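Q: After the sequence you'll find the predicted model.
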Amino acid sequence: MEGLFLVVGVIGNIISVLLFLSPIGTFYRIVKQRSTQEFESFPYICTLLSAALWTYYGVNKPGSILVATVNGFGFVVESIYVCLFLTFAPPRMRVRTAILASILDVAFLGVAIVVSEKCLHGYTRIYVIGFLGAALNIVMYGSPLSVMRTVVRTKSVEYMPFLLSFFMFLNGGVWTFYAILSSDYFLGVPNAAGFVLGLAQLVLYVIYKNHMLFKLRTDNVENGWQHEHLIKREG
């Protein structure tokens, strides 16, 4: 059982690293165009806070080094993403990002760590941080709901990166299995929610990706007909 536990944990770490890195294409586009366009910063702000709390949880809970290391990596990566939003976002989005990051990633995180260090000890600290981490994980997994609304409204998956949705689905599934093996409900509940939400995003992607292909073909046919009609008139 310990061997399976370790293997699942390592696989979970690899998938989590891929999840953290999956938006690289999006941010390459942002840097290249020097604009965040319609992309939302809130998912990255939530993921930054979640990674920080889970790093702290993994450091405090015995035998959770895999949780600490991968989330420490995620904390660094998500910090870079938020900084890129602060650099390339339009003025209104930049102000909103700065306010949310200051409240959640600086003030809330700082208060949570100071209070837990000064007032909580032993497993009480682990339970409280685990509860906060679980709640933030649910918010993190739920934060793309705003992007999903945009997909439904625009009938376009342009601003919902496929890799992010795919690795969210895989990450939620593997860490749910890991949580079952380790009887860690703080890990299990939010990652099960992430598994379901990741699946929902993949379903939306399939639906509206096909819609975009159909619309593209229709536009091409219409443009071809108009071009042919114009040639006949000129003839």
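A: Yes, it's here. These figures come from a predicted structure and were not determined experimentally.
Q: quick one: residue 91 from residue 98, how far?
A: 11 Å (C-beta to C-beta, to the nearest Å). No exception for glycine: its C-beta is placed from N, CA and C like everyone else's.
Q: higher neighbour count, those two?
A: Taking neighbours as other C-beta atoms under 10 Å, residue 91 and residue 98 compare with residue 98 leading, 15 against 7.
Q: looking at it, the more buried one is touching residue 86, isn't it?
A: Yes - taking C-beta atoms under 8 Å as the definition, residue 98 is a contact partner of residue 86 at 6.2 Å.
Q: Could you list the low-pLDDT ranges of the chain?
A: For the chain, applying pLDDT under 70 flags the ranges 1-2, 143-144, 146, 159, 210-235.
Q: mind checking the SS state of residue 40?
A: In three-state terms, and counting by DSSP: H, G, I helix; E, B strand; the rest coil, residue 40 is coil.
Q: same thing with residue 156?
A: Quick answer, by three-state DSSP: residue 156 is coil.
Q: And it, its phi and psi?
A: Per-residue torsions, residue 156: phi -140, psi 140 (degrees, to the nearest 10).
Q: who's in contact with residue 19?
A: 164, 167, 168, 170, 171 (C-beta atoms under 8 Å, 6 or more residues apart in numbering).
Q: Turn the residues you listed into TSV, including distance to residue 178.
A: Listed next are the contacts of residue 19 as TSV, based on distance: C-beta to C-beta, whole Å:
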residue	distance to residue 178
164	21
167	16
168	16
170	12
171	10
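Q: mind listing which of the residues you listed are in helices?
A: Applying DSSP state H to the contacts of residue 19, the entries found in helices are 164, 167, 168, 170, 171.
Q: Not counting residues beside it along the chain, what's closest to the fourth one?
A: Read that as residue 170. Spatial nearest neighbour of residue 170, excluding adjacent residues (C-beta to C-beta, 6 or more residues apart in numbering): residue 15 at 5.0 Å.
Q: just the helices in the protein please.
A: Counting by DSSP H, the helices of the chain are 2-21, 24-33, 42-60, 65-88, 91-100, 109-119, 122-142, 145-154, 162-182, 185-234.
Q: Show me the contact partners of the fifth one.
A: Pointing back at helix 91-100 there. 36, 41, 42, 45, 82, 85, 86, 89.
Q: Mind doing that once more with 10 Å?
A: 35-42, 44-46, 49, 82-83, 85-90 (C-beta atoms under 10 Å, 6 or more residues apart in numbering).
Q: now that helix and helix 65-88, what's the angle there?
A: Computed by axes from the mean of the first three to the mean of the last three C-alpha atoms, to 10 degrees, the angle separating helix 91-100 from helix 65-88 equals 150 degrees.
Q: which parts of helix 91-100 are buried?
A: Residues of helix 91-100 classed as buried: 93, 94, 96, 97, 100 (neighbour count, 16 or more other C-beta atoms under 10 Å).
Q: May I ask you to confirm that residue 115 is in contact with residue 109?
A: No - judged on C-beta atoms under 10 Å, residue 115 makes no contact with residue 109 at a distance of 11.0 Å.
Q: okay, the two: which has more neighbours?
A: More crowded of residue 115 and residue 109, by other C-beta under 10 Å: residue 109, with 18 against 12.
Q: re earlier: pipe the contacts of residue 19 into TSV and attach neighbour count and distance to residue 105 per row.
A: Written out in TSV, the entries for the contacts of residue 19 read as follows (neighbours: other C-beta atoms under 10 Å; distance: C-beta to C-beta, whole Å):
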residue	neighbour count	distance to residue 105
164	21	19
167	21	22
168	25	20
170	20	25
171	25	21
